[in-house]
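K.L.:
fold the following.
(chains A, B and C)
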Amino acid sequence: MPGLIPASAVIKPAQPRESPLGLTLRALLRRRSSRIAMIVLGVIILVGLLAPFIAPYDPAAQPDIVALKDLPPSLSHPFGTDPYSRDVLSRVIYGARLSLTIGILATIVSLTLGVAYGAVAGYIGGMLDAIMMRILDAFLSIPRLLLMLGVLVAWPHLSIGALVLFLGLTGWFGLSRIVRGQVLALKHAEFVTAAQALGASRRRILARHLLPNLVSPIAVAATLGVAHVIVLEAGLSYLGIGVPQPLASWGNIIQDGADQVARLWWMSLFPGLFMVSTVMMLNILGEALRDVYERRS
Amino acid sequence: MIRFIARRLGQAAVIVAIVAAITFALIHLAPGDPFSAVLDNPNVSEKVRETLRAQYGLDRPLPEQFVRYIGALARGEMGWSFSHDLPVREVLATALPNTLLLMGVALVASFALGIIVALVQVARRGSIIDNVLGAISLFFFSMPDFWLAILALLALTYWLPIFPVGGAVDPVMHEYLGLGGRIVDRLKHLVLPALTLTLLASASVARYQRAALLDVLPADYIRTARLKGLTEKEILRRHALRNALLPIITLIGLSFPALLTGAFFIERIFAWPGMGYAVVNAIGTRDYPLVVGGVIIGSIMVTLGSLLADLLYAWADPRLRSH
Amino acid sequence: MASPLLSIRDLRTYFYTESGVAKAVDGVSFDIGAGETVGIVGESGCGKSVTALSILRLIQPPGRIEAGSRIDFEGKDLVTLPDEEMRNIRGNRISMIFQEPMSALNPVFTVGDQVAEVARIHAGIGRKKSWELAVETLALTGIPAPEERAKQYPHQLSGGMRQRVLIAMALIMKPALIIADEPTTALDVTIQAQILDLLVHLQKEFGTSILMITHDLGVIAETTSRVIVMYAGEIVEEASVTELFARPHHPYTEGLMHSMPHIGHDQERLNVIPGTVPSPTNWPHGCRFRERCPYSWDLPEREHPPLYDVGAGHTSRCHLAREPQRRNHPHEPLVVQEGVGAA
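P.N.:
Down below sits the predicted model:
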């Protein structure tokens, strides 16, 4: 509220000399919610990394498709077994590995595309910018799931790599708009003019002077983006056009029990709980990041 | 204002054209014949194959195909759905009202619920109530649509059999009911899918609206309102909410993709005979024209939604209205 | 003077920030009589606006009016008054005009509606009557064609018109006291004069008391009868306008006067008092002005000066009252030209 607290009352303490990453991390650790989020995510990532050592069974093994199928949770199968007699706990553990990997890789693809597209549109501007933004509007008005449906039905039996690529290809529209806005705003900042005056090339100005200023929106978009991809991949796998069998992803496991939801409730419940926790913690973290950056600017 | 509307309509038309181009590219970039699955299918008659080929003119040069494709789209022709043995247009036209009903109910209910939650939160900002409601919103916000639908189905049709398992009406009894009975039957079938979609959508409304209200509160005119002697509640309801409703109109436009996506999953899980149900089933049967038709209609709905929201915004904001 | 309309005693308003307790207002006492116009002058950050907001109890967390402060108004202590009664006073018995006419009006309501709202709250009258009253009041403030203007939205009005709307809002209930916080700062010079004339005129017509808060001694000279000079959360000098301009006592007041631009004098640069207002989380002990004062010696460093009575109802928080001869030997100039010694 301007005028309420005299400007001199909110003098900030001198900034300690610390790397931006360290500062951000410290700010995140100060909040209880983001501390919890980091711990939970850390555990889930660890579970994914150590899957071969933690999982009690081979996630693809079908030991006895008659006697051991559709077992409810028990001591030997805490999450039960699926219609192919596979151990659901082991599949959920391996699912963590696959779902997180897909989420991270696809997000890297979309960050790269989003930054490149947005930076070019914002920096060059003019007619090109207008055209690029119209195209972006069109992409933004196709719901991502529908776009993926169109792609995955046209190209059935895609490999995991191609799936990651397509997930990445459909996830950069929002970020590129933010990046474009930032670049547009920074383009005429004094330090950019100074660099131009010193004869720096366009590419150098973009990379050296503009990109570092985009770190915060990118970090936020990355965190929320991973959450988004995990949900999307699960949805596609649930529809049977995502991760191919016999690989285990969280959505895949739910799909295996989808025909008999009521009888095989454990097959929806457990992978879902893992998925929701992961997504929720990523959302908490992404928002905390945004908050930290907004406060700093 | 008229110029604004005209420009905005033009933009929407350009977007729809680009969407058409994207779907066209999808069809033609796909490996081999996009209808190989169809053409391999012994149930597909020669007549259907010819219709398909004629529809898409697969043997002609690409630019000509594109022009034909756009022309067909403009006439509302989206090809032949062989799994229904009907034109795609007809399949979707039958399904669309159900989807619109589901989305419409969820849209209204979720905005009402979301705004109320946000108001309660902001009135008691920083309190336990605010934090608990915030956590609940975040929980639903993080929930994949299909998983919440499955949980709702498990909990409220199997474990506690309150609601019917699926469909829009009772498959056997509906025919024999009177008018009142039919309405009740329809409502009973609508509640669970609509509730699920509402919960999913209201989470983002509440979160967005809370932020919007908190953005408005430090404004000078809120201080002016305090100065007049209004109570905090009156200030929230009258001065803050009215201003924070402007961004919510934008959110209505933005929420269409999520509502539509949610409807797709929810329709499948509750066997609600809408567009999503049709399209998701078409995935299973590889009925590609129907899937693409769904993508096109879905995109047009989203474009129209954001167009409508923009017009509403221009009408609601006096600063824009007079220009 | 009979019992004054407003009587403030030992007002302390502190802000509990992360970097410490900011004592924005730190023990302020003054009176305003019925029909009197009092000015508070000082640089930004001196606590004058916080004083104003404290009177209406519009201090938001982390700010707080400290226990022991008293604000007596029409027989009630505003510091301890229940919220509901306090709301009854706001806009009704005491109203306020802010410096930002652009942002102080809600963009989504018509101005007439916003003026009428005050009457709806306090006079208990309906939409139609309150609207008529609003139009009447808008007319009083000199808005041409008030019926049409009332139906417009804030963005359709000029800055001066909006300030008139805010004045109408403040005036509609014929309050006993109007607090005007920099009412002309955001306006063009010609409009400034019009708005000040309007305030003076309305004050005469309705006998309303006005508390004029400004950094501009020119505004003080034009509108008020008594002046309070604030510095670092305290009153440092108080006197009638004529007395103050004739015999400023506190070196800070002197500095303010020397830094006023003089019309007619060909001045290339504005004079300013060197240095800046210290941080309210950490006021210097002793005299709070001493670091910027050209006369400072060991006494101000040791001892926080009380408000000395320097005659003719004139008080000053300066030890020069005790050792007046030191005024003849400043060790630095009182003011410097901007950009030369200010850094």
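K.L.:
show me which residues of the stretch 51-200 of chain C sit near chain B.
P.N.:
By CB under 8 Å from any CB of the partner chain, the part of the stretch 51-200 of chain C that sits against chain B consists of C:56, C:58, C:87-92, C:95-96, C:98, C:100, C:103-110, C:114, C:117-118, C:121-122, C:153, C:155-156, C:166, C:169. C-betas here are computed from N, CA, C, even on glycine.
K.L.:
which intervals of chain B have sub-threshold pLDDT?
P.N.:
Applying pLDDT under 70 to chain B flags residues B:30-59, B:320-323.
K.L.:
so the closest residue to chain C within the stretch 1-150 of chain B: helix, strand or coil?
P.N.:
With CB to the nearest CB as the measure, the residue in the stretch 1-150 of chain B that lies nearest chain C is B:Gly126; the distance is 9.3 Å. Of the three states, B:Gly126 takes coil according to DSSP: H, G, I helix; E, B strand; the rest coil.
K.L.:
so what's the residue count around it?
P.N.:
The number of residues packed near B:Gly126 is 10, by other CB atoms under 10 Å in any protein chain shown.
K.L.:
pull the contacting residues for it.
P.N.:
If you count contacts by CB atoms under 8 Å, 6 or more residues apart in numbering or on different chains, B:Gly126 has none.
K.L.:
and stretch C:319-326, what's buried?
P.N.:
Applying a neighbour-count criterion of 16 or more other CB atoms under 10 Å in any protein chain shown, the buried positions in stretch C:319-326 are C:319-321.
K.L.:
same question, stretch C:215-222
P.N.:
Neighbour-count burial for stretch C:215-222, with 16+ other CB under 10 Å as criterion, is recorded at C:215-217, C:219-220, C:222.
K.L.:
leaving out sequence neighbours, find the closest residue to whichever residue of the stretch 151-297 of chain A sits closest to chain C.
P.N.:
Here the residue of the stretch 151-297 of chain A nearest chain C is A:Arg295; by CB to the nearest CB that distance is 11.3 Å. When the adjacent residues along the chain are set aside, A:Arg295 lies closest to A:Ala27, with 8.0 Å between them (CB to CB, 6 or more residues apart in numbering or on different chains).
K.L.:
ok, which stretches of the stretch 201-323 of chain B are helices?
P.N.:
B:220-228, B:232-234, B:241-269, B:275-284, B:288-316, B:318-321 (DSSP state H, counting those that start in this stretch).
K.L.:
and the third one with helix B:275-284, angle?
P.N.:
Angle between the axes of helix B:241-269 and helix B:275-284 is 40 degrees (criterion: axes from the mean of the first three to the mean of the last three CA atoms, to 10 degrees).
K.L.:
would helix B:241-269 count as contacting chain A?
P.N.:
Yes. Among the residues of helix B:241-269, B:256-258, B:260-261, B:264-265, B:268 lie within reach of chain A under CB under 8 Å from any CB.
K.L.:
need those residues in CSV with distance to chain C, can you?
P.N.:
CSV is the format used below for the residues of helix B:241-269 next to chain A (distance: CB to the nearest CB, whole Å):
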residue, distance to chain C
B:Phe256, 25
B:Pro257, 28
B:Ala258, 27
B:Leu260, 30
B:Thr261, 32
B:Phe264, 36
B:Phe265, 37
B:Arg268, 42
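K.L.:
quick one: which of those has the most company?
P.N.:
If you rank those by neighbour count (other CB under 10 Å), B:Phe264 sits at the top with 28 neighbours.
K.L.:
dump the residue contacts of it.
P.N.:
Contacts were defined as CB under 8 Å, 6+ apart; by that measure B:Phe264 touches A:145-146, B:145, B:275-276, B:279-280.
K.L.:
next one: A:Pro83
P.N.:
Residues A:69-70, A:256-257, A:260, A:264 are the ones in contact with A:Pro83 under the rule CB under 8 Å, 6+ apart.
K.L.:
all strands for the stretch 51-200 of chain C, in order.
P.N.:
In chain order, the stretch 51-200 of chain C shows strands spanning C:63-65, C:70-73, C:76-77, C:94-97, C:177-181, with DSSP state E, counting those that start in this stretch as the criterion.
K.L.:
point out the most buried one among those strands.
P.N.:
By mean neighbour count, with neighbours taken as mean count of other CB atoms under 10 Å in any protein chain shown, strand C:94-97 ranks first of these at a mean of 28.
K.L.:
helices or strands up against that one?
P.N.:
Of the remaining helices and strands, those touching strand C:94-97 by 3 or more CB pairs under 8 Å, 6 or more residues apart in numbering or on different chains; DSSP states H and E are helix C:159-171, strand C:177-181.
K.L.:
residues contacting it, please?
P.N.:
Residues from elsewhere that reach strand C:94-97 (CB under 8 Å, 6+ apart): B:227, C:52, C:55-56, C:73, C:118, C:163, C:166-167, C:169-171, C:173, C:175-181, C:183.
K.L.:
OK, contacts around the nearest residue to C:Glu254 once chain neighbours are set aside?
P.N.:
Leaving aside its sequence neighbours, C:Glu254 sits nearest to C:Pro248 (CB to CB, 6+ apart; 4.9 Å). With contact set as CB under 8 Å, 6+ apart, C:Pro248 has these partners: C:237, C:254, C:257.
K.L.:
before we move on, the earlier item: out of the residues of the stretch 51-200 of chain C next to chain B, which end up buried?
P.N.:
Of the members of those, the ones counted as buried by neighbours, 16+ other CB under 10 Å, are C:56, C:58, C:87, C:89-92, C:95-96, C:98, C:100, C:103-110, C:114, C:117-118, C:121-122, C:153, C:166, C:169.
K.L.:
quick one: buried residues of the helix or strand hosting A:Met127?
P.N.:
Here A:Met127 is covered by helix A:126-140, with elements defined by DSSP states H and E. By neighbour count on 16+ other CB under 10 Å, the buried set for helix A:126-140 is A:129, A:132-133, A:135-140.
K.L.:
what segments of the chain are helices?
P.N.:
Because you didn't say which chain, this covers chain A. In chain A, the helices defined using DSSP state H lie at A:20-30, A:32-49, A:51-54, A:88-124, A:126-140, A:144-154, A:160-169, A:173-186, A:190-197, A:202-204, A:215-238, A:250-256, A:265-296.
K.L.:
chain C, not that one
P.N.:
C:48-55, C:83-89, C:111-122, C:127-140, C:146-150, C:159-171, C:189-206, C:217-223, C:241-246, C:251-258, C:298-302.
K.L.:
quick one, the first one and helix B:220-228 angle?
P.N.:
Between helix C:48-55 and helix B:220-228, the angle comes out at 40 degrees (the same axes, to 10 degrees).
K.L.:
ok now helix C:48-55, how far from the chain's centre?
P.N.:
Using CA atoms, centre = their mean, to the nearest Å, the distance from the centre of helix C:48-55 to the centre of the chain it belongs to is 8 Å.
K.L.:
go on, the longest one?
P.N.:
Centroid separation between helix C:189-206 and its chain, computed with CA atoms, centre = their mean, is 16 Å.
K.L.:
so what's B:Val302 up against?
P.N.:
With contacts taken as CB under 8 Å, 6+ apart, B:Val302 has the following neighbours: A:141-143, B:256-257, B:260.
K.L.:
what of A:Gln182?
P.N.:
Applying CB under 8 Å, 6+ apart to A:Gln182 gives the contacts A:118, A:122, A:210, A:213-214, A:217.
K.L.:
with adjacent residues omitted, what lies nearest to C:Asp10?
P.N.:
Closest residue to C:Asp10 apart from its sequence neighbours, by CB to CB, 6+ apart: C:Gly27 at 5.4 Å.
K.L.:
what's the local residue count around the one you found?
P.N.:
Taking other CB under 10 Å as the definition, C:Gly27 ends up with a neighbour count of 15.
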